[in-house]
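K.L.:
Attaching a predicted model along with its sequence, questions to come.
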Amino acid sequence: MKIGNYEIPDIRLSEAIQDVKKIFDKVKNTQDLTHYSDIAVMLDYKSKIGGAFYRRLNSLTLFGLLEGRAKYRITDLGENISYPISEEQKTELSSKAFLNVPLWNKLYTKHGKQLGDNVWFDIKNITGISAPEAQAVEKDIRKWYLDDVVFVIEKPNIKTGEQNNSMLEDTTKFNENTKVEESKINYQETLKINHDTILEKIPFGQDIIIYLPKGNIAKSWEKAQRYMKLYLEDFDEDHSKTDSLEKSIGDTEEVYEEDIL
């Protein structure tokens, strides 16, 4: 659901965690890109892929559990939240997923776990929608927020503002650590993927790095180009389908919002 420039997940965090675990149990890694139609089957949308499915898929990206477009991969957060090493870690990761939703993040910074009266006023100021619009969605926003915020465990003897800042710092550290780990992979000179194959790093400027099997680089590059061409053709086709479906969903958004409200 979109309110002003802010998007709110159409499913609750508890459902999102269950969904990403279903996907992860099928995909079994965080590297492979999975087509949205395959994800639909994993989530039991076997006969028809429509607006409800795309809103569900978008909710997983809003919580930071999936990333991509047309083809998706499970994030590190999605992996770890599916198989936490302890209840404490699951609570911490669930809090991070909650704070990934910008509107939830801002409301939590001000209110913590308990929303005050007339929260429509905050909704209006944050999202930029009109007062009547904010009052119309206040009841649903309150319910959805309170359903999701139960995953946040506040630290004892800390004021709400300090607690929120601490959680935001933890979220920032988590994202920074993820970037550091990814950068370690990017700057390895070689990668060994099995006993016989060693990949050699070939950088293209600062932003693009590819790995090709050591040895006949020219032949490997020619083969990689053919695969890339096929991938891009498939991506362009998926991209066009997704845009068309998203436009269709947008054209019927009023109907969905009436159902929700």
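P.N.:
On my side now, so go ahead.

K.L.:
Quick check: mean pLDDT of the strand or helix carrying residue 110?
P.N.:
Assigned by DSSP states H and E, residue 110 falls within helix 102-111. Averaging pLDDT along helix 102-111 gives 94.

K.L.:
Buried residues of it, list them for me.
P.N.:
Buried residues in helix 102-111, defined by neighbour count with 16 or more other Cβ atoms under 10 Å: 103, 104, 106, 107, 108, 109, 111. C-betas here are computed from N, CA, C, even on glycine.

K.L.:
Just send those back as JSON lines, with distance to residue 60 too.
P.N.:
What follows is those, written out as JSON lines (distance: Cβ to Cβ, whole Å):
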{"residue": "103", "distance to residue 60": "17"}
{"residue": "104", "distance to residue 60": "15"}
{"residue": "106", "distance to residue 60": "21"}
{"residue": "107", "distance to residue 60": "21"}
{"residue": "108", "distance to residue 60": "20"}
{"residue": "109", "distance to residue 60": "24"}
{"residue": "111", "distance to residue 60": "25"}
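
K.L.:
Would you mind pulling the contact partners of the helix holding residue 110?
P.N.:
Helix 102-111 has contacts (Cβ atoms under 8 Å, 6 or more residues apart in numbering) with 3, 6-8, 98-99, 115, 119, 122-123, 126-127, 141, 145, 148-149, 152, 160-161, 164, 168.

K.L.:
SS state for the closest residue to residue 56 other than its chain neighbours?
P.N.:
In space, and not counting its chain neighbours, residue 56 is closest to residue 11: 5.6 Å by Cβ to Cβ, 6 or more residues apart in numbering. Under DSSP: H, G, I helix; E, B strand; the rest coil, the three-state class of residue 11 is coil.

K.L.:
who touches residue 11 in this structure?
P.N.:
19, 55, 56, 59.

K.L.:
which two from those end up farthest apart in space?
P.N.:
Farthest pair in the contacts of residue 11 (Cβ to Cβ) is 19 and 55. Separation: 12.1 Å.

K.L.:
Looking at these two, which one has more neighbours?
P.N.:
residue 19 (23 against 17; other Cβ atoms under 10 Å).

K.L.:
Can you tell me the element that one falls in?
P.N.:
Using DSSP H and E, residue 19 maps to helix 13-27.

K.L.:
Next, the buried residues of that helix.
P.N.:
When neighbours are counted by 16+ other Cβ under 10 Å, the buried residues of helix 13-27 are found to be 13, 16, 17, 19, 20, 21, 23, 24, 27.

K.L.:
Out of the residues you listed, which one has the weakest pLDDT?
P.N.:
Out of the buried residues of helix 13-27, that is residue 27, at 92.
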